[in-house]
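Visitor: A structural model of the following input is requested.
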Amino acid sequence: MDASTSSKLTQAIAKWIATSCRPVYVVEDEGLCDIIRIASGDLTYELPSRATVMSRIHEWYDTEKAKLATNLENTTSIALTGDYWTSLGNHSYLGVTAHFIDQEWKLHSHALTVMRTDDRHTANACADHFMDVAGQWNIQERVSTLNTDSARNMIAASKQLPFEHLPCTAHSIQRSVTVSLQNSTFEGVLAKCRKVVGHFKHSPPNTAELQKQQVAHGLKAETLAQDVPTRWNSTLEMIKRVQRNQEPLRDVLAQQKNNVTMPTKAELEKLQKLELLLEPCRYFTELLGGEKFVSCSVVLPALCHLSRVMETSEDDPTYVIKFKQTFSADMTTRKDKTNLTWLKISTALDPRSDEEEDGVENCLARYRAEPVICKDECPLEWWSKHACVYNKIACLAQKYLATPATSVPCERLFSLSGHVVQKKRAALSSGNVTKLVCLSSWLWSTKEKV
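Guide: This is a model prediction of the structure:
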């Protein structure tokens, strides 16, 4: 293998490690070395050292960071999302992402940092952390909004910052669901579902028997889903799978002698009612959580439609009426605490949001279809063609439509961080964590555009 090919291979290994979140110590794996030797025909080939790979990664990070810094420098308005995360090593990290629309009306989303924070997350400390990140990228004067969850320290910190704050709409919807389920008639049947799911999730033999029954009933073999308080829409997924597998579950439990019983017919009817109530919430959580398309202008039409879904009717049982009323009251309170002015302007600047003409349902259908929508109907494509006509408000569209509706981009960043900061890599320096996570995010973003 000549020197040029060897250098390219080293570069490819470094990119693979950074992009796919592989541990750096993989270059000490004799098996990998053997594979490359066989594939290349060079039986003398030696893998690059860890120091060499990290050196390449650091150089790559500096290059990509410089490109992003240039893009940010040429941008007049930047929206941020931020949240904290605790690693397996019990270390706290702050993740921050930046979102902006460039002069060609393309929406960009980039990770700025996943930096370690050792002090308590008081309001003052949180405010200082966000200002430090803005200072590191020299964007303090161009940050328009910060989107976070509605934790008290975040709300208090936002009041100390010189830019607008938007609470995460997806968090608000999920909190309203949680409040509505507490002390409701649904709690009893949900507890029974959790017991049924746990019976199979914690026993491989029981799971195997369930899969046999699923096949016997002509169903797809699938595992049951357990709901987790911090995992959005997990209660809905648990309900769906239990209902889908009623017959297999009933047959398996009937053959076993235990105190686990299937929900009764009346309880299953309650689950169906609850599914109908939770499905729109899941729909809007996913609708608002996108970062590759405009989402801030979706919030008010989505909440408008959700309020209509939660209107009570004469056919509703008492427990459904209670859920709807509790949800509506809680959601109204949370909506009043959002940045309504910002949301209204965002909606007005989106050419799709003509609710008066063809109804909020059709409006939401257009939002929902946007990732594969005709370019002529995409709001940014529309603005790229009409900016010269409406040049006085085009800059406002770039500013307001770039703001994410949720802090989900940070949640995705932490999912990526979890692949980097593993048990065997818990000793990674905070600087390397930031470089590996951000570089992986940047490289994947570039790969997707290509």
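Visitor: tell me which element Leu166 is part of?
Guide: strand 164-167 (DSSP states H and E).
Visitor: next SSE after that strand?
Guide: Using DSSP H and E, the next helix or strand after strand 164-167 towards the C-terminus is helix 169-181.
Visitor: follow-up on the earlier one: I'd like the average pLDDT over the strand holding Leu166.
Guide: The average pLDDT within strand 164-167 is 94.
Visitor: what does stretch 147-154 give?
Guide: Here the average pLDDT along stretch 147-154 is 91.
Visitor: quickly list the domain ranges of this structure.
Guide: Structurally, the chain divides into domains by automatic domain parsing as follows: 3-53, 59-167+407-449, 186-280, 289-400.
Visitor: now do the end-to-end distance for the third one.
Guide: Domain 186-280 has its terminal residues 17 Å apart, counting by Cα to Cα, to the nearest Å.
Visitor: thinking again about what came up before, which secondary structure elements does the strand holding Leu166 contact?
Guide: strand 143-148, helix 152-158, helix 340-348 (3 or more Cβ pairs under 8 Å, 6 or more residues apart in numbering; DSSP states H and E). (Each C-beta comes from the backbone N, C-alpha and C, glycine too.)
Visitor: where along the chain do the strands fall?
Guide: Using DSSP state E, the strands found in the chain span residues 78-86, 92-101, 107-116, 143-148, 164-167.
Visitor: turn the domains of the chain into JSON lines, including mean neighbour count and distance to Val177.
Guide: Below are those laid out as JSON lines (neighbours: other Cβ atoms under 10 Å; distance: least, Cβ to Cβ, whole Å):
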{"stretch": "domain 3-53", "mean neighbour count": "14", "distance to Val177": "32"}
{"stretch": "domain 59-167+407-449", "mean neighbour count": "18", "distance to Val177": "14"}
{"stretch": "domain 186-280", "mean neighbour count": "16", "distance to Val177": "7"}
{"stretch": "domain 289-400", "mean neighbour count": "17", "distance to Val177": "7"}
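Visitor: how about those domains, which one is nearest Ser176?
Guide: Nearest of those to Ser176, taken as Cβ to Cβ: domain 289-400 at 4.4 Å.
Visitor: ok, Gln243 touching Glu267?
Guide: No. Between Gln243 and Glu267 there is no contact under Cβ atoms under 8 Å: 10.9 Å.
Visitor: what pairs with the strand holding Leu166, parallel or antiparallel?
Guide: Strand pairing for strand 164-167, using DSSP bridges, gives strand 143-148 (parallel).
Visitor: and the angle for the partner strand with strand 92-101?
Guide: Using axes from the mean of the first three to the mean of the last three Cα atoms, to 10 degrees, one finds that strand 143-148 and strand 92-101 are set 130 degrees apart in direction.
Visitor: would you map the helices across the stretch 151-300 of the chain?
Guide: 152-158, 169-181, 186-201, 204-216, 234-244, 246-255, 265-288, 299-309 (DSSP state H, counting those that start in this stretch).
Visitor: lowest average confidence, helix or strand, in this structure?
Guide: Least confident helix or strand, the chain: helix 355-368 with a mean of 59, by mean pLDDT, DSSP states H and E.
Visitor: residue contacts, Ile281?
Guide: For residue 281 the amino acid is Cys, not Ile. 173-174, 176-177, 233, 236, 306 (Cβ atoms under 8 Å, 6 or more residues apart in numbering).
Visitor: go with 7 Å
Guide: Going by Cβ atoms under 7 Å, 6 or more residues apart in numbering, Cys281 touches 173, 177.
Visitor: next one: the one 10 residues further on
Guide: If a contact means Cβ under 7 Å, 6+ apart, then Glu291 has 99, 109, 404, 408-409 as its contacts.
Visitor: save those residues as CSV, and put in pLDDT too.
Guide: Output for the contacts of Glu291, formatted as CSV (pLDDT from 0 to 100):
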residue, pLDDT
His99, 94
Ser109, 90
Pro404, 93
Val408, 87
Pro409, 86
